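Asks: following is a predicted model, sequence given first.
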Amino acid sequence: MLALGKEIFTVTGGGSGCAKCHGFDAQGTKDGPNIIGSSKSAPSGPIGGGVLDMANVKLSSDELEAVYRYLTTLSSP
């Protein structure tokens, strides 16, 4: 599950990976906010239409879970 989450976050999510805008550490860039500590349901608004750049991103509930679990590893000390 963690490997899938990392793959989506760094490579495939949105066609170029979530890290493109949120940074490989998920702490944000000029193009996307810090998403460390976001709730499991937080991406449901932006993904699929809430944010213009993410309107075409389609992730299954299992893929969202995988990304969430991967992000929790980034926020661990």
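Replies: Sure thing, it's come through.

Asks: can you show me the helices along this structure?
Replies: For the chain, the helices defined by DSSP state H occupy 2-7, 19-22, 61-74.

Asks: which one of those helices has the most crowded surroundings?
Replies: helix 19-22 (a mean of 20; mean count of other C-beta atoms under 10 Å). (C-beta placed from N, C-alpha, C; glycine too.)

Asks: and the contacts of that one?
Replies: Identification of contacts with helix 19-22 by C-beta atoms under 8 Å, 6 or more residues apart in numbering yields 9-10, 14, 26, 28-29, 31-35, 53.

Asks: what about the protein, any weak spots by pLDDT?
Replies: 44-53, 76-77 (pLDDT under 70).

Asks: and the nearest residue to V11 once chain neighbours are set aside, how many residues sit next to it?
Replies: By the measure of C-beta to C-beta, 6 or more residues apart in numbering, the closest residue to V11 outside its immediate chain neighbours is G17, 4.8 Å from it. Using other C-beta atoms under 10 Å, the number of residues around G17 comes to 17.
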